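>>> The amino acid sequence is not available; the structure is as follows:
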């Protein structure tokens, strides 16, 4: 069998025929079977010599040189024939004109404006242009030759011979892959576990929780039964639970929920004394608002506080019930425009009273809709408000205090306070359109449906101009990263622009074709509490075209998804780090043009110059798409650049990256987020699959 060596300055990871994984240290020699020749093409290992049969080391010697479990797997697969995987040919890419982009009204200065298109042009030198191929007259290849060429088509990552259906089922059994319908629901909780449980049970019975995301924000409950139920609810994993130690009152607790709901087009806030009666309850208010061009509605139940249902009023053929005083606040529905224009609840109202009246009045005071408070005509078929005893002590005193504040109110946008802040994270999604709008929208909605409090999604289009309709993806933060010298894609530039715009310390660098399980973001965020960077991707299941089309159409990932192949160890796909770590290692290298290797280069630097955790426990689902035009342009050049970089020490590579970022015009305040790149050595901790080491790079 051949003997191989790792010629690189970092550990490489190999995956065998049966999915076994191993690490090879820099300079380490290892005896493996010929299956591992495939890793030579990308420079992970290099064949040293071929060991003759008479020179084959004994079992004991081999077990000393490679891990025991890997040795036994190799012995068991010595005579297994290699499986040939035939890949479908990429379809022809259309270059039709893209639809226009809608531009909503900007948010006030103190809130980051969503959907803002910000061209960012870097002073990038023109990359070398490949010489045009010489025209030759040649015969058409035979079908057999075409098949052999397909078999040799480059595949990113390492093919794994595992049953895709079984692997997908195992993933879905552990945690679903949710895709949002762009509706978020927030529930207020405080010391009433029976009320909360009744509401949650009714929601679970009548809601698809893989499409509608539900949050519970508890306002510092002291009741042990409530605290135990919140723990149970959190362990179920399909609802986001915020257990807040500090009590803020109704306004502050509502703002915690609104922070979570800002990533959705429509939001609904429920008191815990509401019960949901039938399916599709979450759609009645969004549909009514969209059809009638309304931005805020609320439920009103006859008999509560002596209320009547209201006066019928038809707006754009939608039947509403209207009142002009004493609105109920048990169910409040709103769209993104309401939040952008009117803002949050005024937390100065304190524990209880008048906060929802103040907020709801802004909808017409700020000219979003006609004056008054509106409910959908048939809403009582979907909701029931119970007359449960209030647990607010000194309720009348709190209400009197709130009414005094209401008398002196002014109608203006209100922002939240720091008291209502909850955990947040940012996804950076780079993209260039190639008729992949449906796939990208599905990825955005998979991010939107993650079981985590606050998620910002920064969508960076790297192109000469906007080339995609952003409407179906809103609300997102959008930036256009342009380059006037070439029309080749530069994913590195898109990532650098996205991270520079992020307002959170934690970022996830996420490809625009990757779906993840619902608990992925929470695991990333928890990891980044202790580490500076991490990679949790284990394997990628590649959905076929028909399954991808169905996922994009229905918003459902189930066991019927068919996969073309499974790929093992990979460097990109979805990496996470802190902003400081990102810039500390020099960010992404913008000298890689086209597609490929930029992920490998950044991965090597972030893994070896940060406090790093490599815990590969999540399998990703890759949506099918054809390759973009000119995918292979400069691909071989990228590979060559990557190999030249591998000859340098990590400290040299990082220094070079900082110098390059300065040449490209990145401002000093951005580079200062990490370090100045002038240190002669970098001390760091590295954790690979649970093994911690401490090293110094020189």
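Thanks, I have it. Remember, predicted model here, so these are calculated numbers, not experimental data.
>>> quick one, what contacts the residue lying closest to residue 463 once chain neighbours are set aside?
Sequence neighbours aside, residue 432 is the residue nearest to residue 463 in space, at 5.3 Å (criterion: C-beta to C-beta, 6 or more residues apart in numbering). No exception for glycine: its C-beta is placed from N, CA and C like everyone else's. By C-beta atoms under 8 Å, 6 or more residues apart in numbering, the contact set of residue 432 is 461, 462, 463, 467, 489, 628.
>>> Dump these to TSV, plus distance to residue 593.
Below are the contacts of residue 432 laid out as TSV (distance: C-beta to C-beta, whole Å):
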residue	distance to residue 593
461	17
462	11
463	14
467	18
489	8
628	13
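>>> between those, which is closest to residue 332?
Of all the contacts of residue 432, residue 332 sits closest to residue 461, with 34.5 Å by C-beta to C-beta.
>>> And that closest one, how close does it get to residue 431?
Distance, residue 461 to residue 431, by C-beta to C-beta, to the nearest Å: 5 Å.
>>> Now for those two: what residues contact both?
468, 494.
>>> least confident pick among the contacts of residue 432?
When those are compared on pLDDT, residue 628 comes out lowest, with 68.
>>> Tell me how the protein divides into domains.
2-76, 183-420, 425-697 (automatic domain parsing).
>>> Quick one, which of these gets closest to residue 161.
domain 2-76 (6.1 Å).
>>> Residue 511: how many residues sit nearby?
Residue 511 has 19 neighbours, counted by other C-beta atoms under 10 Å.
>>> Now it. Nearest residue, chain neighbours left out?
Per C-beta to C-beta, 6+ apart, closest to residue 511 is residue 573, 5.5 Å.
>>> Tell me the strands beside the helix or strand hosting residue 540, with direction?
Using DSSP states H and E, residue 540 sits within strand 533-543. Strand 533-543 sits in its sheet next to strand 563-567 (antiparallel), strand 574-578 (antiparallel), strand 612-622 (parallel), going by DSSP bridges.
>>> gap between it and the chain center?
Taking C-alpha atoms, centre = their mean, to the nearest Å, one finds the center of strand 533-543 at 13 Å from the center of the full chain.
>>> what does the average pLDDT come to for it?
Mean predicted confidence for strand 533-543 is 94.
>>> List the buried residues for the helix or strand following it?
Per DSSP H and E, strand 533-543 leads on to helix 545-554 as the next helix or strand towards the C-terminus. Buried residues in helix 545-554, counted by 16 or more other C-beta atoms under 10 Å: 547, 548, 550, 551, 552.
>>> quick one, helix 545-554 and strand 563-567 angle?
Angle, helix 545-554 to strand 563-567, by axes from the mean of the first three to the mean of the last three C-alpha atoms, to 10 degrees: 100 degrees.
>>> Can you tell me what sits against helix 545-554?
88, 179, 438-439, 441-442, 515, 543, 556-557, 560-563, 623-625.
>>> What about these, which are in strands?
515, 543, 563 (DSSP state E).
>>> what's near enough to touch the spatially most central residue of the chain?
Residue closest to the mean C-alpha point of the chain, counted by C-alpha atoms, centre = their mean, is residue 447 at 3.9 Å. Going by C-beta under 8 Å, 6+ apart, residue 447 touches 427, 429, 455, 457, 510, 521.
>>> what's the answer for residue 185, then?
Per C-beta under 8 Å, 6+ apart, neighbours of residue 185: 203, 212, 213, 214, 215, 267, 268, 269, 270, 282.
>>> Among those, which lie within strands?
Using DSSP E, the contacts of residue 185 in strands are 213, 214, 215, 267, 268, 269, 270.
>>> quick one: which of these is nearest residue 614?
Once C-beta to C-beta is applied, the member of those that ends up nearest residue 614 is residue 213, at 29.2 Å.
>>> Using the three-state scheme, assign the residue nearest to the centre of the chain.
helix (DSSP: H, G, I helix; E, B strand; the rest coil).
>>> so how far is residue 262 from it?
14 Å.
>>> Residue 180 too?
13 Å.
>>> quick one: pLDDT of residue 595?
As summarised for this prediction, residue 595 has a pLDDT of 82.
>>> how far out from the middle of the chain is stretch 181-199?
The answer for stretch 181-199 is 25 Å, by C-alpha atoms, centre = their mean.
>>> Sorry, wrong one. I was asking about stretch 587-594.
That offset, for stretch 587-594, works out to 22 Å (C-alpha atoms, centre = their mean).
>>> who's in contact with residue 34?
Contacts of residue 34 (C-beta under 8 Å, 6+ apart): 1, 2.
>>> ok, now how distant is it from residue 229?
Counting by C-beta to C-beta, the gap from residue 34 to residue 229 is 58 Å.
>>> May I see the contacts of residue 185 arranged in a markdown table, with pLDDT and distance to residue 583 as well?
Shown next, in a markdown table, are the contacts of residue 185 (pLDDT from 0 to 100; distance: C-beta to C-beta, whole Å):
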| residue | pLDDT | distance to residue 583 |
| --- | --- | --- |
| 203 | 98 | 42 |
| 212 | 98 | 37 |
| 213 | 98 | 32 |
| 214 | 98 | 36 |
| 215 | 98 | 32 |
| 267 | 98 | 34 |
| 268 | 98 | 39 |
| 269 | 98 | 38 |
| 270 | 98 | 42 |
| 282 | 98 | 41 |
